[in-house]
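[1] return a 3D structure for these sequence lines:
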Amino acid sequence: MAEFVGAVDQGTTSSRFMIFDHGGNEVGRHQLEHEQILPQAGWVEHNPVEIWERTSAVIQTGLNKTGLSASDLAALGITNQRETTVVWDKRNGRPLYNAIVWQDTRTDRIATALDKDGRGDVIRQKAGLPPATYFSGGKIQWILENVDGAREAAESGNALFGNTDTWLIWQLTGGVNGGVHVTDPTNASRTMLMNLETLDWDDELLGFFGVPRQMLPKIEPSSCPGGYGTTLTNGPFGGEVPITGDLGDQQAATVGQVCFAPGEAKNTYGTGNFMLLNTGTELVRSKAGLLTTVGYKFGDEPVVYCLEGSIAVTGSAIQWLRDQLGIISGASESETLARQVEDNGGVYSVPAFSGLFAPYWRSDARGAIVGLSRYNTNAHLARAALEAICYQSRDVAEAMEKDSGVHLETLKVDGGITANELCMQIQADVLGVPVSRPVVAETTALGAAYAAGLAVGFWKNTDELRSNWNESKRWTPEWSAEQRDAGYEQWKKAVTRTLDWVDVG
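    As a prediction, the model looks like this:
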């Protein structure tokens, strides 16, 4: 009997393949970055072919490093950067255009126009989302309107749309030779095209964006006992593995953090930050700037919903310090540099590089560093970048409390930045509640593995998954209430300085 489950985690900056055992322990992994293509201000793209090639490579290397083969894997789960939009020709497998990444803001005029004539309210009601550049619907519309031949290919049924989960499943199951065109409700709920109540594509919403239904993948459960398809013997696995799990990355992290009960929440620290609160089978509509989204759907069980606070720029602000400003040579140096000072020296950084997401939803905002004086050094700037991650998370936590009435007692955290112990201490200080990191910090891949394993009986139920969760470290608040309130007031003042910068008409 196969003793392991595999997970492909196709993220914004890299693709990784991970293997887990029955205890939820990591057995092996391999990871490769891919190019960030920035054609002009506000545009962010990826090469879908490169993503597929890197994914194939990490699978092959991951198996080789562990000495395992396809027959050792009971199932495969996929998790992915959500909203990032790929449109390709099913006849030859070639993308019609680069993948337009979730951070991309070129569709700001499309999003603004939706709110001017009332269509935005329909999208909020049906899809649980505000019209924003973040989501896939406007990106598909842009490709159909701006890429030669795209509209014709879509209407003739030759052009397919998918987020990167759909693109990879199609490739893994055969590509042009019968690849399966499928997604799950968590990814579909990020397009502005799916009705949250029916869990199906909505004709009225499709009409708003001019998207032909035949472009869209079939929506199947996130944990699918029947499977979406099987990997090919001539593919990167070198054998047949059933693909039975598919979750958008933040929902996957929610599953990996075993947030299965209403009121349980987690915060993932990656390229952006994403806080999700399980609201159970109740569809809670946000009045405080959050998103209503699908948390997961396991087989025939009722769908579980979440409230989500999506923050565009957190980890990528640390990358910016490294790549654009050159004040650090690696992400870990941000902690070393920031520890050289006791506080931010009055400096606040608001990294609104892609506008502001939750709870503001202001595509006209742009990044700002405020409060500078001759006294300040690069260490203050590094500290301000870490604090910005934490203050943005507080913005979202406060909105969640308004919407749900649930006061956060402890924040479960995961993702790369949780390795930065100073940042996690600042998070506890800014929120005023303990912050808890699990032993397996890569909960996104783990959640995809859980969804896949549940589908084939590798794990019997969610109680079994709960027993796998163990705390690695906990941070408790050290700031006084006065210090916390004063810092947050200054943060909110800094946010106002970023607004009305870009004319989105």
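
[2] quick one: W102 is in a helix?
    No. W102 sits outside any helix when classified using DSSP: H, G, I helix; E, B strand; the rest coil, being coil.

[3] and the pLDDT for it?
    Note on W102: pLDDT of 92.

[4] same check, this time on G505
    So G505 comes in at 61 (pLDDT).

[5] for the remainder of this discussion, apply numbering that starts at 44.
    Sure, I'll start counting at 44 from here, so that last one is G548.

[6] what's stretch 531-540 in contact with?
    The set of residues external to stretch 531-540 that reach it, using C-beta atoms under 8 Å, 6 or more residues apart in numbering, is Y391, S392, V393, L399, Y403, A411, V413, G414, E430, Y434, R437, V473. Bear in mind the C-beta positions are built from the backbone N, C-alpha and C, glycine included.

[7] packing partners of the longest helix seen in the chain?
    When every helix of the chain is counted residue by residue (DSSP state H), the longest turns out to be helix 421-447. Here helix 421-447 is seen to pack against strand 308-312, strand 316-323, strand 347-354, helix 358-363, helix 376-381, strand 391-393, helix 464-474, helix 524-539 when contacts are counted using 3 or more C-beta pairs under 8 Å, 6 or more residues apart in numbering; DSSP states H and E.

[8] distance check, the residue of the chain most remote from its centre against A524.
    Note on the chain: the largest C-alpha distance from the chain mean falls to R417, namely 38.0 Å (C-alpha atoms, centre = their mean). The gap separating R417 from A524 is 32 Å, by C-beta to C-beta, to the nearest Å.

[9] just A118 next, same as before
    Between A118 and A524 the distance, using C-beta to C-beta, works out to 48 Å.

[10] same question for D438.
    Relative to A524, D438 is positioned 18 Å away (C-beta to C-beta).

[11] before we move on, what about K340?
    Counting by C-beta to C-beta, the gap between K340 and A524 amounts to 41 Å.

[12] give me the more crowded residue out of the two.
    Under the neighbour definition other C-beta atoms under 10 Å, K340 and A524 were set side by side, and K340 has more, 23 against 9.

[13] surely that one is in contact with V347?
    Yes. Between K340 and V347 there is a contact under C-beta atoms under 8 Å: 7.2 Å.

[14] what's the nearest residue to F317 if we skip its chain neighbours?
    Distances taken as C-beta to C-beta, 6 or more residues apart in numbering place Q293 nearest to F317, at 4.0 Å, with adjacent residues excluded.

[15] about what we covered before: could you dump the contacts of stretch 531-540 into CSV and include pLDDT?
    Compiled in CSV, those are given as follows (pLDDT from 0 to 100):
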residue, pLDDT
Y391, 96
S392, 95
V393, 95
L399, 91
Y403, 92
A411, 95
V413, 96
G414, 96
E430, 96
Y434, 97
R437, 95
V473, 96
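
[16] which one of these is nearest G278?
    Minimum separation from G278 among the contacts of stretch 531-540 (C-beta to C-beta) is found for L399, which lies at 41.0 Å.

[17] picking up where we left off before, using the three-state scheme, assign the residue farthest from the centre of the chain.
    Applying three-state DSSP to R417 yields a three-state assignment of coil.

[18] what about it, distance to R426?
    From R417 across to R426, the span is 17 Å (C-beta to C-beta).

[19] go on, F396?
    From F396 across to R426, the span is 19 Å (C-beta to C-beta).

[20] of those two, which one has the most company?
    Between F396 and R426, R426 has the larger neighbour count (other C-beta under 10 Å), namely 28 against 20.

[21] the more buried one and A381 touch, don't they?
    Yes. Proximity of R426 to A381 meets the contact threshold set by C-beta under 8 Å, at 4.1 Å.

[22] please work out how many residues are found near the closest residue to L489 other than its chain neighbours.
    With C-beta to C-beta, 6+ apart as the criterion, L489 has its nearest non-adjacent residue at 3.8 Å, and that residue is G299. G299 has 33 neighbouring residues, counting by other C-beta under 10 Å.

[23] could you do D506 as well?
    10.

[24] repeat that for V129.
    Residues within reach of V129, counting by other C-beta under 10 Å, total 28.

[25] with G221 instead?
    10.

[26] how about the one 4 residues further on?
    By other C-beta under 10 Å, 21 other residues sit near V225.

[27] please apply the same query to the one 10 residues further on.
    Under the neighbour criterion other C-beta under 10 Å, M235 is assigned a count of 33.

[28] could you do K169 as well?
    When neighbours are counted by other C-beta under 10 Å, K169 comes out with 18.

[29] list the contacts of the helix or strand harbouring it.
    The secondary structure element spanning K169 is helix 162-170 (assigned by DSSP states H and E). With contacts defined as C-beta under 8 Å, 6+ apart, helix 162-170 is touched by 157, 172-174, 232, 234-240, 245, 247-248, 251, 328.

[30] low-confidence ranges in this protein?
    Applying pLDDT under 70 to the chain flags residues 547-548.

[31] please redo it, this time with the cut-off set to 80
    44, 449, 484, 547-548 (pLDDT under 80).

[32] tell me, how many residues neighbour the closest residue to K108 other than its chain neighbours?
    The spatial neighbour of K108 that comes closest, neighbours along the chain excluded (C-beta to C-beta, 6+ apart), is G71 at 5.6 Å. Using other C-beta under 10 Å as the criterion, G71 is surrounded by 18 other residues.
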